[in-house]
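S.K.: mind folding the following:
(chains A and B)
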Amino acid sequence: MTINDVAKVLNGKVLFKEEGRDRHVGAVVASDLMSDVLLVDADDMLLLTSLASDQALRTAQIVGAMGVVVHNDKPLPATMQDVARRLGISLVTAPYAKYESCVRIHAAIERDKRGETL
Amino acid sequence: MSDPAPNTEPDKAASSGIPVGGETSPLVIMELIQRLKIRDVMTRNLVTLTREDTMRRAQELMRIGHFNGVPIAENGRLYGIVSIDDIIRALIGGYIDDTCAKHMSTHLIVLEDDMPISFALRYFENYKYGRFPVLSRDRALVGIVSQRDINRVLLYELTAEINRLERQITRPPEDGIGDDLYMLREYPVVRHDFENAGKAANEIKRLLRERNVDTRVTRRIAVAAYELEINICIHSHGGTLAMIVSKGVAEIVAKDTGPGIEDVEWACQDGTSTANDWIRSLGFGAGMGLANSKRVSDHFEIKSALDKGTTIRCKFDLRGPAPQQEPSP
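M.R.: Below you'll find the predicted structure:
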């Protein structure tokens, strides 16, 4: 499941996509506390967060996340897209609340495992 | 060399008392002031008068050239110096048209051109004159040296030396890891500067990745760096975050200027935080910072004193296995 797939599942918008090969979601973490995110030792993490700040991206870069989704169509600071570009972290905004997004992503992952369309 | 003449007025601009060349001077400066000779810094284009020239002529030269003394020399041999004070006395005494020979100072402090400038510095400090005539080994007048001459050349040489030292400190390391990898970086961290908080940790991770450090070790180092950087930003008056890589070990050093931690043991526990609601609304203040840093490090050390500040050191073996990390709740 790539970042484009995530945006499609969440009816969201890709504001920046990491260059190079398409990375696939390895794990999903939903959190607004960045220290909790740092605790998770997983490759290619997809971070779902309500935190509309550059810090979400900086944390994502630290843990090697494959992308960040910001919920509730929150307006993002002007710098956030630029920071995403500089750090090379894919950034998506989505209209749903965090719980709804988690459920949708989980369902999509399960369909993907079964070989069904997302 | 002769003793100072009692009627020679010291130049008030001389000797700032700067402690250069003393016991506590850096080695680089000691080497410079020994290596540089007076002939390397002195002024060679001299304006001189003969013994038969008048004091009025000396006054005119000083006025046009903006200097405070004129050497009296013939055929390269130094006979004396007429200073600005000699001129003032001549004007007051009404003998401005007398020859220089009658009123010049003959007891002179001189330097030799192959002496190190450390000698000149000592002379400026001890004798309080603005300049000294410079003689060659065979006692010919070859130049004049002022404190400004020394400052100009020292500044130039020190700039070159500092550039060389800076290049050494920040030189790109060899490819790969192991004992050959050397890096030193230090970043300022400003209190409550959330716009830039985490930038240093991001940079540290990028540097390690570029040098092919193991991805697992890089991640642990980056997590520690990030947590410590955010801590400085949130909880302290400001400080620095440094990374030192040498001989297969990476060290992250977080240092702040206060306020210090009252109970270090309590602060290192999971979930303990002094952050307020505003800080938590920004995504911080979970109380995991120190605990996380400790968890990912091979060696963790914290020192703190109230009103003085805190220093935290996290060490990582670039070659060793990772410590066991607890999964998230």
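
S.K.: didn't A:Thr93 look like it was pressed against A:Pro75?
M.R.: No. Here A:Thr93 does not reach A:Pro75: they are 9.0 Å apart, not a contact under Cβ atoms under 8 Å. From N, CA and C alone the C-beta is placed, and that goes for glycine too.

S.K.: who has more neighbours, these two?
M.R.: Using other Cβ atoms under 10 Å in any protein chain shown as the criterion, A:Thr93 and A:Pro75 rank with A:Thr93 on top: 21 against 10.

S.K.: check contacts around the more buried one.
M.R.: Applying Cβ atoms under 8 Å, 6 or more residues apart in numbering or on different chains to A:Thr93 gives the contacts A:12-13, A:15, A:69-70, A:73-74, A:76.

S.K.: just send those back as JSON lines, with pLDDT, distance to chain B and neighbour count too.
M.R.: Below are the contacts of A:Thr93 laid out as JSON lines (pLDDT from 0 to 100; distance: Cβ to the nearest Cβ, whole Å; neighbours: other Cβ atoms under 10 Å in any protein chain shown):
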{"residue": "A:Gly12", "pLDDT": "95", "distance to chain B": "20", "neighbour count": "20"}
{"residue": "A:Lys13", "pLDDT": "95", "distance to chain B": "22", "neighbour count": "12"}
{"residue": "A:Leu15", "pLDDT": "94", "distance to chain B": "19", "neighbour count": "17"}
{"residue": "A:Val69", "pLDDT": "96", "distance to chain B": "15", "neighbour count": "26"}
{"residue": "A:Val70", "pLDDT": "95", "distance to chain B": "12", "neighbour count": "26"}
{"residue": "A:Asp73", "pLDDT": "89", "distance to chain B": "19", "neighbour count": "14"}
{"residue": "A:Lys74", "pLDDT": "87", "distance to chain B": "13", "neighbour count": "15"}
{"residue": "A:Leu76", "pLDDT": "90", "distance to chain B": "14", "neighbour count": "18"}
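
S.K.: now go through those residues and say which are in strands.
M.R.: Counting by DSSP state E, the contacts of A:Thr93 place A:13, A:15, A:69-70 in strands.

S.K.: for the nearest residue to B:Pro71 once chain neighbours are set aside, phi and psi?
M.R.: Leaving aside its sequence neighbours, B:Pro71 sits nearest to B:Thr48 (Cβ to Cβ, 6 or more residues apart in numbering or on different chains; 4.8 Å). Per-residue torsions, B:Thr48: phi -130, psi 160 (degrees, to the nearest 10).

S.K.: residues contacting B:Thr48?
M.R.: B:70-73, B:141.

S.K.: if we go to 10 Å?
M.R.: By Cβ atoms under 10 Å, 6 or more residues apart in numbering or on different chains, the contact set of B:Thr48 is B:61, B:70-74, B:76, B:78-79, B:81, B:133, B:141, B:144.

S.K.: B:Val296 too?
M.R.: Applying Cβ under 10 Å, 6+ apart, the residues near B:Val296 are A:38-39, A:41, B:217, B:219-225, B:227, B:314, B:316, B:322-323, B:325.

S.K.: mind doing that once more with 6 Å?
M.R.: B:220, B:223-224 (Cβ atoms under 6 Å, 6 or more residues apart in numbering or on different chains).

S.K.: quick check: it vs B:Arg219, distance?
M.R.: Separation of B:Val296 from B:Arg219 (Cβ to Cβ, to the nearest Å): 8 Å.

S.K.: A:Leu76 too?
M.R.: According to Cβ to Cβ, A:Leu76 and B:Arg219 sit 26 Å apart.

S.K.: also B:Cys314?
M.R.: Noted for B:Cys314: a distance of 13 Å to B:Arg219, by Cβ to Cβ.

S.K.: who has more neighbours out of the two?
M.R.: Taking other Cβ under 10 Å, B:Cys314 and B:Arg219 do not tie; B:Cys314 has more neighbours (26 against 22).
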